[in-house]
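Undergrad: mind folding the following:
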Amino acid sequence: MQNTLKATVAFDGVGLHSGKPAKMTLRPAPTGHGIVFKRIDIALGNNLIPARWDLVERSPLCTKLVNEAGVSLSTVEHIMAALAGCGVHNALIEINGPEVPIADGSSVEFVRAIMQQGVHRQEAPVVAWEVVKPVTVEKDGARATLRPADQFRIEFHIEFEDEAIGQQSRALDMRNGAFARELCDSRTFCRRADVEFMQANGLALGGVPGENAVVFDGMDVESGAGLRHADEPVRHKMLDALGDLALAGGPLIGVYTGEKAGHALTNTLLREAFATPGALRQVICGKAMSANLPGAGLVRSEVPARVGRVA
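TA: Got it, this is the predicted structure:
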């Protein structure tokens, strides 16, 4: 069955790139509504932005949605991952600015708040996208692939020159709350040289190393109380992938594999999948299939209560 929120959930924070204050409120929505953002700071014209793959303005730094009227919203990937990971299919998200608050750089604060209020089951089946045949896209040595499977799974591989990151690989069956248990507290990360470049160009103005981002510089790591997982970077890449894939408009049934992939390439993969005849098909999820979707069976006690240094 489809799910929405049991009650309103509100967040205050700043945008990672703009550095500007941002207030976001998640509200319950009826069946078939999907995830829709509403820019409440815009009084005239179309201020609704559906969370859809075809509204993405591709960027390597974050996922930005732009509606037909040109109204935009940046950095939606972490809240989209939280909603998908909690099994929320319908929600209206009001926000008073152009960027989603970064919180601590992960999805854990969103997941914790959603699960504290609870998820309401609705009397309508979930419509998912089943991967029927493989689709692959490549660019500049990076690759992203969707291929058929009986459940949703994410596999990721990254490789960085910084010794503190190096090569990391991880694969995770996303069924039954695995996102909340394994990925949701992994923070965004970047290299020190990238931070300096972005800030010199008016970006990452709200980034605070150790508070809402992990910064790597060779063997040095700025991470506040320490890394939350030994492989926190690749886990965050998987978090981003879940959020970006949630823009398909329904859960995916298949395997996503990312090799050095980022936001733009994952969106390119979705575009290619929807443009390829027979690559995807809509399926109405019965009871058994619904029980294997991300978020199904998740209970509040499984959400990380506190975050800190990895053992």
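
Undergrad: just the strands from the stretch 1-150 of the chain, written as ranges.
TA: Taking DSSP state E, counting those that start in this stretch, the strands of the stretch 1-150 of the chain run over residues 3-5, 9-14, 21-28, 35-39, 48-50, 56-57, 64-66, 72-73, 91-95, 119-121, 127-131, 135-139, 142-147.

Undergrad: other residues contacting the fifth one?
TA: Read it as strand 48-50. Strand 48-50 is contacted from outside by 34-39, 55, 65-67, 71-73, using Cβ atoms under 8 Å, 6 or more residues apart in numbering. Any C-beta I mention is one placed from the backbone N, CA and C, and that applies to glycine too.

Undergrad: write a ChimeraX command that selects only the buried members of the residues you listed.
TA: In ChimeraX, a selection of the buried entries from those looks like this (16 or more other Cβ atoms under 10 Å):
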select :34,35,36,37,38,39,55,65,67,71,72,73
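
Undergrad: now tabulate the contacts of strand 48-50 in JSON lines and tack on pLDDT and distance to residue 263.
TA: As requested, the contacts of strand 48-50 are exported to JSON lines (pLDDT from 0 to 100; distance: Cβ to Cβ, whole Å):
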{"residue": "34", "pLDDT": "98", "distance to residue 263": "20"}
{"residue": "35", "pLDDT": "98", "distance to residue 263": "17"}
{"residue": "36", "pLDDT": "98", "distance to residue 263": "20"}
{"residue": "37", "pLDDT": "98", "distance to residue 263": "17"}
{"residue": "38", "pLDDT": "98", "distance to residue 263": "22"}
{"residue": "39", "pLDDT": "98", "distance to residue 263": "21"}
{"residue": "55", "pLDDT": "98", "distance to residue 263": "14"}
{"residue": "65", "pLDDT": "98", "distance to residue 263": "12"}
{"residue": "66", "pLDDT": "98", "distance to residue 263": "14"}
{"residue": "67", "pLDDT": "98", "distance to residue 263": "18"}
{"residue": "71", "pLDDT": "97", "distance to residue 263": "20"}
{"residue": "72", "pLDDT": "97", "distance to residue 263": "15"}
{"residue": "73", "pLDDT": "97", "distance to residue 263": "14"}
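
Undergrad: still on that earlier bit, in TSV, list the strands of the stretch 1-150 of the chain along with distance to residue 211.
TA: Converted to TSV, those look like this (distance: least, Cβ to Cβ, whole Å):
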stretch	distance to residue 211
strand 3-5	27
strand 9-14	10
strand 21-28	16
strand 35-39	25
strand 48-50	28
strand 56-57	27
strand 64-66	23
strand 72-73	23
strand 91-95	21
strand 119-121	29
strand 127-131	36
strand 135-139	32
strand 142-147	29
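
Undergrad: looking at the ones you listed, which is nearest to residue 110?
TA: With Cβ to Cβ as the measure, strand 9-14 is the member of the strands of the stretch 1-150 of the chain nearest residue 110 (7.2 Å).

Undergrad: report the angle between that closest one and strand 21-28.
TA: 160 degrees (axes from the mean of the first three to the mean of the last three Cα atoms, to 10 degrees).

Undergrad: ok, residues contacting stretch 23-37?
TA: The set of residues external to stretch 23-37 that reach it, using Cβ under 8 Å, 6+ apart, is 2, 4-13, 48-51, 65, 73, 76, 79-80, 83, 88-97, 100-101, 114, 120, 122-124, 246, 249.

Undergrad: switch to 7 Å and redo it
TA: 2, 4-5, 8-12, 48-51, 65, 73, 80, 83, 90-96, 100-101, 120, 122, 124, 249 (Cβ atoms under 7 Å, 6 or more residues apart in numbering).

Undergrad: same deal with stretch 78-89?
TA: By Cβ under 7 Å, 6+ apart, the list of residues contacting stretch 78-89 from outside reads 2-5, 35, 51, 91, 100, 106-107, 110-111, 114-115, 119, 126, 179-180, 184, 239, 242-243, 246-247, 293-296, 298.

Undergrad: among those residues, which lie within helices?
TA: Where those overlap with helices, as defined by DSSP state H, the overlap consists of 110-111, 114-115, 179-180, 239, 242-243.

Undergrad: hmm, back to that, which of the contacts of stretch 23-37 are buried?
TA: Applying 16+ other Cβ under 10 Å to the contacts of stretch 23-37, the neighbour count classes 2, 4-5, 9, 11, 49, 51, 65, 73, 80, 83, 90-95, 100-101, 122, 249 as buried.

Undergrad: distance check, the residue positioned nearest the centre of the chain against residue 297.
TA: For the chain, the residue lying nearest the average C-alpha position, counting by Cα atoms, centre = their mean, turns out to be residue 243 (2.2 Å). The spacing between residue 243 and residue 297, counted by Cβ to Cβ, to the nearest Å, is 21 Å.

Undergrad: shaky segments in this structure?
TA: Residue ranges of the chain with pLDDT under 70: 203-207, 209-210, 306-311.
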